[in-house]
Each structure stands twice: as structure tokens, then as C-alpha cells.
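1. My questions are about this predicted structure, shown below with the sequence.
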Amino acid sequence: MLDLLIKNATLPDGRTGMSVAVQAGRIVEVTPGLSAPAAETVDAAGQLLTPPFCDPHFHMDATLSYGLPRVNESGTLLEGIAVWGELKPTLTADAMIERALTYCDWAVAKGLLAIRSHVDTSDPSLLPVQAMLEVKRRVTPYIDLQLVAFPQDGVLRAPGGVDNLQRALDLGVDIVGGIPHFERTMGEGAASVKLLCEIAADRGKLVDMHCDETDDPMSRHIETLAFEAQRLGLQGRVNGSHCTSMHSMDNYYVSKLLPLIAESGVSVVANPLINITLQGRHDTYPRRRGMTRVPELMAAGVTVAFGHDCVMDPWYGMGSGDMLEVAHMGLHVAQMTSQQGIRACFDAVTASAAKVMHLQGYGFKPGCDASFVLLQARDPVEAIRLRANRLKVWKKGKLLAQAPAMATQLSLGGRPPRVDFGAPA
Ligand code: FE2
């Protein structure tokens, strides 16, 4: 007997009327119209069943600290870093852990079951590292939490930056991070990329670097990152996050750069909500949008995913862990309004994000983890349009969250008694 049978589901690839059979936490069969005895049978009623949402770029150590000790009034990246710097001396592990656990509760409710979080390694106490390792331990049953050693103040710029980062890796942080555009000079930035990639190669770690999070078209650390990935044999193991300077780069230079990124196997994570908020702040009008060249990178064969980056922290006061909100903003900023473009934006917060994160057992093939989300939407396009309600969230066959279907009662006389915002059949 099966543990769980979900019937009449629509899958992200467009297949309808599908049954998904689950045994011992794994998918054993995906086929149309299966009937089999099961401990629990769920009728998906034609709604979209998707593998979980994945956030490939987040800051769990800073989340839900909005307003502490003050609000970022200018809204710039640099004031955000300054506010975070003011908050850091007052941080306690317990408060950080509690805020992060609360965010993870939100994430589960939104069907977000894999998160890659950067963790600030700048302070020699490594307090955020210790706190996030504890969070990772506690949420392991329900969230795949990956940690990136992130030298927020610059690995070369801040005293002890290299040593602190190495100690974070020794403690069990998974991935090597960096922030080359925040080092003192372009030369130091490039040197930091080389050094950090060598550390990752020596330790057999993945790399995920904040790269060129600036409107300066001459910030070209992505070029060095791609070069080092290739030189060190790290193809497929390196990610460039943000890459917002690419928005402002010269088109001829980009035409050379895109194939170099593709050739190096470097993936790119854009953070639409944050890029549209933080970039262009030094402009008058026209004001740049600041997000990297998402459709062009995709067309060049680069894996591109979307991250949330921030929720209620010194850089961004909005957010709730909803990766459909991220995809919604991404498709607007990138003007990816074709059906194919919208579906690519859905992939950017599901399958493509899982690929960036090297997640194992992700997807709808037999043998994959029985982790999925049932949405109150008929397809990925409607899911993004409505930032659809999460009806049920399962992790390895276990139901973690559920919510009633949403609808609004109407009393208009002669009109339907309720609306759920589904498009007319
Ligand atoms: Fe970030």
C-alpha cells in the first residue's frame, strides 16, 4: 500500500490529470490516472503540483531585524551595510536564532523548502555563523539550509577577513562567498575573487559570491569569477549573485562576456525585489532598473535563478518568504512577458534554483524526494499572476503545512456569489 497518492494534478511541465505515488518519502510513480490503495489519497482537482520553491540567495542572519537599531532612510546598499554595522555589536545568538526560525516558519508556509543563506563572517566572534549553524541543525527536518561564508566587510578590506572566513568554513559552513565590489580597489576585488576561488578549490567547496552589486558598468568582477572558475576546474560549482553592473555595461563588452560566463559553467542569481529597490539610487532620470540581463544570460545557456535576498532587514522592509512574489517582480523587471518567459521565471524559483543549489532528489521523477507544493492555481503562469495560495506543502511525504482555498464572497445580486480570481475557462 502507498503512503500517499495525489490524483488529478497538473505538473509544471503542463501534464494534466497526473497521479503521483509516494512510498517511504520518495516518489515511486508519476503517471496519468493511477488508482492504487494508499494510506492517504488527495484529489488535487486539476491544480498545480510543483516541487518546492527554492531560494538560492538569502541573508538569514539579518532577516526580520527591520528597524533595528534604525531604518535605512536612503534605501541604498551602502546605508544598509552601515545600519547592519550598527546593529552587529548588539546582536545576540538567541535573538538571531529566534528571528531566523520565525522566518523558516514563514518559508514552510509558503512552500519554500530550500534556502541558501549568506552568513556574515566579518566579526572575529563569528556569532552569526554559530547562530546560523544552530538554525541549520534545528530546521534540517523541514528546510534544506545551505550556508555561505560571506565576508560582508570585504575579505581583504576588513582586518582578519581571510582568517575569519577560513574559520567559518572549519566550523561547517558549506560554501565560499565574497564581495569583490566592496574591496578597496578593482585590483583588490579581483585579487579577492582569485583568493576565494583558490580556497574553494583547495577545500572542495562550492563558490557563491556577491558579484558587481553596483550600477558601475566598469565593475567587471564577473569576468574574473568566470576566468577563475575555468582556471581552477570549478565549472558548474560557481555562482555569481546579483551581477547588477551588467545592466549598465557596454553592449559590445557584454557580447564577449556572456559566452565566457556560459563557457565557465558559472550560474547567475538575480534578486529582482532587491535589485529594483537598491540599484539606480544615484541616478536622476531616466533611473536604471539595475537587475542583471536575465533573458540574455538564459539565451546564452547560463543557468539563471532568482533569489529573495532580504526580508525585513536593513536593506529591505518588505517580503514574506514568497518566491512567487520574487518571480512576479523578476518577470516585470526583465520584461519576460511571453508564456515562455513567464515559465522561465517560474523555473527561476524552482528547478533552476535547485540546480544552482546542487539539490539532490529534486523533481518529479521516480526516486526523487516526495517534496512538493499544491498551489491554488492551474499552471505556473496563473501561480505567478496570483502569487497563488499554498494549499498543501509536503516534505518527503510528510504534510508540513496546509491552508484553506481562498475566495471572496460577493453580494452583488445577479453576479456570481464568489470570486477566486481564476481566469474564465
Ligand atoms: Fe545578498
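-> Thanks, I have it.

2. looking at the protein, which helix or strand is least sure?
-> Sorting the helices and strands of the chain by mean pLDDT, DSSP states H and E puts helix 77-87 at the bottom, at a mean of 91.

3. Give the buried residues for that helix.
-> Within helix 77-87, the residues scored as buried using 16 or more other CB atoms under 10 Å are 77, 79-81, 83-84, 87. C-beta here means a position set from N, CA and C on the backbone, and glycine is covered the same way.

4. any chance of those in TSV, plus distance to Thr214?
-> Shown next, in TSV, are those (distance: CB to CB, whole Å):
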residue	distance to Thr214
Leu77	8
Glu79	15
Gly80	13
Ile81	12
Val83	19
Trp84	17
Leu87	23
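
5. now, among these, which is nearest to Val419?
-> Using CB to CB, Gly80 is the member of the buried residues of helix 77-87 that lies nearest Val419, at 39.2 Å.

6. do you know how far Glu198 is from Val173?
-> 17 Å (CB to CB, to the nearest Å).

7. could you dump stretch 349-369 to CSV, C-alpha only?
-> C-alpha atoms of stretch 349-369 as CSV (Å, rounded to 0.1, in the frame of the first residue of the first chain):
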residue,chain,number,x,y,z
VAL,A,349,12.4,30.0,-8.3
THR,A,350,12.0,26.2,-8.6
ALA,A,351,14.0,23.9,-10.9
SER,A,352,16.7,26.4,-11.9
ALA,A,353,17.2,27.5,-8.3
ALA,A,354,17.5,23.8,-7.3
LYS,A,355,20.2,23.4,-10.0
VAL,A,356,22.2,26.4,-8.7
MET,A,357,22.0,24.9,-5.2
HIS,A,358,23.1,21.4,-6.3
LEU,A,359,20.0,19.9,-4.6
GLN,A,360,19.7,16.2,-4.8
GLY,A,361,16.5,14.3,-5.3
TYR,A,362,14.6,17.4,-6.6
GLY,A,363,11.9,17.0,-9.2
PHE,A,364,9.1,14.7,-10.3
LYS,A,365,10.9,11.6,-11.4
PRO,A,366,10.5,8.3,-9.6
GLY,A,367,13.2,8.2,-6.9
CYS,A,368,13.0,11.9,-6.2
ASP,A,369,12.0,13.2,-2.8
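
8. Contacts for it next, please.
-> When contacts are defined by CB atoms under 8 Å, 6 or more residues apart in numbering, stretch 349-369 is touched by residues 11-13, 20, 25-30, 50-56, 114, 116, 144, 146, 206, 239, 267, 269, 303-307, 323-324, 326-327, 344, 371-372, 395-396.

9. Filter these down to the buried ones.
-> Buried among the contacts of stretch 349-369 by 16+ other CB under 10 Å: 11-12, 20, 25-27, 30, 50-56, 114, 116, 144, 146, 206, 239, 267, 269, 303-307, 323-324, 326-327, 344, 371-372, 395-396.

10. In helices, which of these appear?
-> Taking DSSP state H, the ones among these that sit in helices are 323-324, 326-327, 344.

11. Nearest residue to the middle of the chain?
-> Ranked by distance to the mean C-alpha position of the chain (CA atoms, centre = their mean), the top residue is Asp55 at 2.3 Å.

12. quick check: domain ranges of the protein?
-> Using automatic domain parsing, the domain parsing of the chain gives 4-51+364-409, 53-356.

13. which of these is buried the deepest?
-> Mean neighbour count (mean count of other CB atoms under 10 Å) peaks for domain 53-356 among these, with a mean of 21.

14. how long is that one end to end?
-> Terminal residues of domain 53-356 lie 13 Å apart, using CA to CA, to the nearest Å.

15. ditto for stretch 119-138
-> End-to-end distance of stretch 119-138 (CA to CA): 17 Å.

16. ok, and what's touching that stretch?
-> With CB under 8 Å, 6+ apart as the test, stretch 119-138 has contacts from 59-62, 84, 88, 91, 93, 96-97, 100-101, 104, 117, 145, 147-153, 158, 160-161, 163-165, 167-168, 171-173, 177.

17. now it, how far from the centre of its chain.
-> Averaging C-alpha positions (CA atoms, centre = their mean, to the nearest Å) puts stretch 119-138 19 Å from its chain's average.

18. From Gln409, how far off is Asn239?
-> For Asn239, the distance to Gln409 equals 46 Å [CB to CB].

19. Gly422: neighbour count?
-> Gly422: 14 surrounding residues under other CB atoms under 10 Å.

20. got a list of what it touches?
-> So Gly422 contacts 378, 382 (CB under 8 Å, 6+ apart).

21. one more time with 10 Å, if that's ok
-> 376-378, 382, 385-386, 388, 407 (CB atoms under 10 Å, 6 or more residues apart in numbering).

22. Got phi/psi on Arg184?
-> Per-residue torsions, Arg184: phi -70, psi -40 (degrees, to the nearest 10).

23. unless I'm mixing things up, it is touching Gly161, no?
-> No - look at Arg184 against Gly161 with CB atoms under 10 Å: they stay out of range, at 11.7 Å.

24. Mutual contacts of those two, please.
-> With CB under 10 Å, 6+ apart as the test, Arg184 and Gly161 both reach 154, 192.
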